[in-house]
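Asks: The following block contains a protein sequence and its predicted model.
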Amino acid sequence: MSARVRAAAGAARLAGALSRLTGRGGGTTMPGHVLLRLAPAALPELAAGLGDGIALISATNGKTTTAAMLTAILEPDVPVCRNVSGANLLSGVAATLVHRSADARIGVLEVDEAALPAVGSAVGPRVIALGNLFRDQLDRHGELEMVADRWRAMVRELPPSTSLVLGADDPVVDALGDGRTAVVRYGLDDPTAGRDAPDAAADSTHCVRCGTAYAYRASYVGHLGDYACPNGDHARGRLDFAARDVRSEGTAGTAFRLDAPDGSHEVRLPVPGLYNVENALAAIATAHVLGVTPARAVARLAGFSAAFGRFERLSVDGREAVLVLFKNPTGANEALRAIQSDLAGSHVVLALNDRIADGRDVSWIWDIDVEGSLEGAVGVICAGSRAADLAVRLRYADVDPRLIDVRAAPEAAFDVAVAEQPPGGRVYVLATYTAMLDLHRALADRGLTRRFWEEAP
Amino acid sequence: MSLRIVPVYPELLSIYADRGNVRVLEQRARWRDINVAVSPLPLGADLDPAEADAILIGGGQDRDQALVAEALRQQVPALRSAIADGVPVLAVCGGYQLLGHAYRDQSGRMTPGTGLVDLETVAGPDRLIGNVLVEVEVEGRVERLVGFENHAGRTTLGPDVAPLGRVLAGAGNDAVSGAEGCRVGRVIGTYVHGPLLPKNPWLADLVLGWACEHRGLPVPLQPLDDRLEQVAAEAAARLALDERR
Ligand SMILES: [Zn+2]
């Protein structure tokens, strides 16, 4: 490490420590800003310190969970350097590299979709796993097509040695592999687990080459599915890692058969929903590129527990609370589908904030398929800075107004829901990022869960 | 005999959850026991002016604007005849721009619009994004329109076209004139995007009332309990005013 980078890294670490001491949150990105300011060229040097290379993970939905799964697969053998989900821009990645422990040998970094090209060229990754692109926070990221164009430009500049792990179920992502050799594709392949056509919130349903609407053999999550252009110029690529014979076990998890290059494996995934099957496939395929056999990866995932706000379970006064983060219509639809079978008799808290990290524009709640999806719930409590917007959305979805309550603070909504449940009852919390963060902090103060940034490696 | 609501090209023109507007009109009709049917106009199909009581044109991605504009230009005679017959048109964001003569993007490329309203749009150097609050005079009352805007286009109205309202907070048509949207008879254009009707039930009922008149159903509409909507609108208005630069 050069003297300049060493000095800059030292200053950056100090800035992070001060930020934490003065109580300004987890100090997750401050050191990165200091580092980039003092030594702009430091990133490649810091990245090179990770002897086994860096895996970058990006997607609109699932990047945090995929990174957590990949870490769970790798960590027992190799010390992993991983960023927390709030630190997924260039500054956060820089901060993570500055703070990495001396023995870390491999980097698992989840990266914001818009920041991916900058991070990719700065750290020289060994493998990039790209999952999906959905409409998400248009006020911050611009249109989906703009992000897709940036990804295409980035892939064109990648050296041939960089491997790509691609979510083939997303047509835009699948097409990124064209003309490259080091490409691994994964996807769902069980039409009985899907639907016939994409739901109303679906985004990329038109051919990336000719613009004609794809014909879907099966549709899984939003526009993800088994698609083919009727003109024959683009269809889903051959799957190197496929999930077949998918069996839902409600909120307890999902079982499926993994068909991988080394044969078939029975997988029991302890987190629910088809999108978590997508995340597991991405993690297993990326681990394979990094030298871990699918058989070993599958064994490690059996003990996987959910990350912050991803079906995180807490016990509160003898009631169970299940925390689910939501941030866009597709994620919300999948979350609602996953909880549907266990919803009877439960309370649901919906918390919607409109800070920058949530997206200031809350229009997207009208793309959630709320209609019919809350049946069975005995109370629905809306919270957050846009609680009233949610309440209006529920009204137009014909949710019984007598079941709807509105509270400003997510914590207050949570307490009301818990108090109204009998012992042994259950409360589901669906909250946007900062609303979940607020609630999480409040619950951590009461000793009910760990602080978010205490999960940082 | 049902009231027919026609969302135009919803597969391409619903980027900001514009389907919320359809849902609101549908429900507010249903709650008043008015039979209602939503019949979307798919891309490539022809609009039958005799089969529409309200026409909704939403916003799309920039890259689809040329495709949509070309298709919509084919529908101009049908649209004109519907408008002349008293069918209301609510055009939002990209749809609003398409009401005009043309849209010029940042590279200078012109996309001709429908020319249904004398207005023109030129892409500006940056996007105008944020909460917005507009004062609207309608049928002798003063109403408040609240919502969110996100557009690069700057729209200029012709001399005989009135704006929909006056900007209290936000950018509106061009961030300088203080004008927001356009209103010509029963044709309304606005940058208050996506689902603007949920928080502005007065506008929903204005459009719905016109649609009912067109269908020969009794007006005025009976009032509904809109207390939730009012709370949401007040919260959004406060946010818009707090952000005012
Ligand atoms: Zn094609």
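Replies: Okay, I see it. The model shown is predicted, which means the values in this text are computed figures rather than measured ones. Residues are numbered from 1 along each chain as shown, chains lettered A, B, ... in the order given.
Asks: How about the contacts made by the closest residue to chain A within chain B?
Replies: Nearest residue of chain B to chain A, counting by CB to the nearest CB: B:Gly20, 3.1 Å away. From N, CA and C alone the C-beta is placed, and that goes for glycine too. Going by CB atoms under 8 Å, 6 or more residues apart in numbering or on different chains, B:Gly20 touches A:Ser363, A:Trp366, A:Asp367, A:Arg393, A:Tyr396, B:Gly194, B:Pro195, B:Leu197, B:Pro198.
Asks: Assumed it was part of a helix.
Replies: Yes: counting by DSSP: H, G, I helix; E, B strand; the rest coil, B:Gly20 is found in a helix.
Asks: Please enumerate the helices of chain B.
Replies: B:19-30, B:65-73, B:76-84, B:94-98, B:201-215, B:227-243 (DSSP state H).
Asks: Grab the nearest non-local neighbour of B:Ser14.
Replies: Of all residues not flanking B:Ser14 in the chain, B:Gly58 sits nearest, at 5.1 Å (CB to CB, 6 or more residues apart in numbering or on different chains).
Asks: Distance of the residue lying closest to A:Asn83 once chain neighbours are set aside relative to A:Val108?
Replies: Setting aside the residues directly before and after it, A:Asn83 is nearest to A:Thr96 in space (CB to CB, 6+ apart), at 4.0 Å. Look at A:Thr96 and A:Val108: by CB to CB, to the nearest Å, they are 10 Å apart.
Asks: joint contacts of the two?
Replies: A:Cys81, A:Arg82.
Asks: more crowded one of the two?
Replies: Between A:Thr96 and A:Val108, A:Val108 has the larger neighbour count (other CB atoms under 10 Å in any protein chain shown), namely 30 against 26.
Asks: Who does the more buried one form a beta bridge with?
Replies: A:Ala55, A:Arg82 (DSSP bridges).
Asks: Please name the residues that touch it.
Replies: A:Ile54, A:Ala55, A:Ile57, A:Ala67, A:Leu70, A:Thr71, A:Leu74, A:Val80, A:Cys81, A:Arg82.
Asks: hmm, 6 Å instead?
Replies: A:Ala55, A:Ala67, A:Leu70, A:Thr71, A:Val80, A:Arg82 (CB atoms under 6 Å, 6 or more residues apart in numbering or on different chains).
Asks: Give me the pLDDT value at it.
Replies: Looking at A:Val108, its pLDDT stands at 97.
Asks: Please apply the same query to A:His99.
Replies: So A:His99 comes in at 83 (pLDDT).
Asks: now do A:Val5
Replies: 70.
Asks: Surely it and A:Ala42 touch.
Replies: Yes: using CB atoms under 6 Å, A:Val5 is in contact with A:Ala42, at 4.4 Å.
Asks: before we move on, the earlier item: and which of the contacts of A:Val108 is nearest to the ion?
Replies: A:Ala55 (31.9 Å; CB to the ion).
Asks: mind listing what that closest one touches?
Replies: A:Val108, A:Val127, A:Thr286.
Asks: Adding distance to B:Ala237, write those residues out as TSV.
Replies: Formatted as TSV, the contacts of A:Ala55 follow (distance: CB to CB, whole Å):
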residue	distance to B:Ala237
A:Val108	45
A:Val127	49
A:Thr286	47
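Asks: burial count for the residue nearest to B:Pro218 when sequence neighbours are not counted?
Replies: In space, and not counting its chain neighbours, B:Pro218 is closest to B:Cys212: 7.3 Å by CB to CB, 6+ apart. Residues lying near B:Cys212 (other CB under 10 Å) number 22.
Asks: from memory A:Glu113 sits against A:Ser58, does it?
Replies: Yes: shown here, A:Glu113 and A:Ser58 form a contact pair, counting by CB under 6 Å, at 5.5 Å.
Asks: So which of those two has more stuff around it?
Replies: Higher neighbour count among A:Glu113 and A:Ser58: A:Ser58, with 30 against 24, using other CB under 10 Å.
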